[in-house]
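# pasted the sequence and its predicted model underneath.
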Amino acid sequence: MLTEAIYSKAMEAEQCKKIEQLLSKLGDVHGTVLDIGSGPGFLERYIDCIALDSSLKHLKEFEGNRILGDGNSLPFKSGGADWIFCMDTIHLLSLEFWKELKRVLKPEGKAVISIFSSRLEKLKPTGFDIVKEFEVSGEKERDIVVVLEENRRLLQH
Ligand SMILES: C[S@@+](CC[C@H](N)C(=O)[O-])C[C@H]1O[C@@H](n2cnc3c(N)ncnc32)[C@H](O)[C@@H]1O
């Protein structure tokens, strides 16, 4: 496990490269946007969002709306988020995250989850439909990105 200082330096170019590709494929991201597992705030350089991370050291590395918290128990009201990003963090979260994602997203909201391709088996988006899927490449690793919407069939029951 990389320490925060090492992660921030070692991964800056890698993560920014992936974020630029990812955002170019998503189009307009607006409204209330959350970034779960923000790390040192790379995504926050590109879009206006509320960052949540369990590491105070990471949160101190950037300015803006930052919350120290646990991605498995989101300190946000139900149905308030238009977009929720979770980049290269899902492998560190539990199944509770999916319940929280469902609770906090607006009914028409979208979740954007990226995962290191080497950890793909950890991606189990329970209760969501994948509406878009693509790859982004950093300097070292490839990520799989899925855009999710709440599974409408489940809502009818
Ligand atoms: C691999 S880093 C990814 C950071 C950032 N999203 C990026 O793409 O560079 C994983 C991040 O998840 C955070 N993290 C780990 N467990 C967490 C949890 N339970 N809740 C919130 N953040 C968590 C770590 O502190 C770290 O910042």
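It's in.

# part of a strand, is I84?
Yes. Counting by DSSP: H, G, I helix; E, B strand; the rest coil, I84 falls inside a strand.

# which residues are in contact with it?
Residues touching I84, when contacts are defined by CB atoms under 8 Å, 6 or more residues apart in numbering, comprise V33, L34, D35, I36, L101, V104, L105, G109, K110, A111, V112. The C-beta positions use only the backbone N, C-alpha and C, and glycine is treated the same way.

# tell me how far it lies from V146.
According to CB to CB, to the nearest Å, I84 and V146 sit 12 Å apart.

# check K77 too.
Applying CB to CB, the value for K77 to V146 is 25 Å.

# between the two, who's got more neighbours?
Neighbours were tallied for K77 and for V146 using other CB atoms under 10 Å; the higher tally belongs to V146 (19 against 10).

# any idea whether whichever residue of the chain sits closest to the ligand is helix, strand or coil?
Of the chain, the residue with the smallest distance to the ligand, taken as CB to the nearest ligand atom, is G39 at 2.6 Å. Here G39 is recorded as coil under three-state DSSP.

# how about it, phi and psi?
Geometry field for G39 lists phi and psi as phi 60, psi -140, criterion degrees, to the nearest 10.

# with adjacent residues omitted, what lies nearest to it?
On the basis of CB to CB, 6 or more residues apart in numbering, the spatially nearest residue to G39 that is not a chain neighbour turns out to be H58, at 5.2 Å.

# touching, that neighbour and S8? I think so.
Yes. Using CB atoms under 8 Å as the test, H58 is close enough to S8 to be in contact (7.4 Å).
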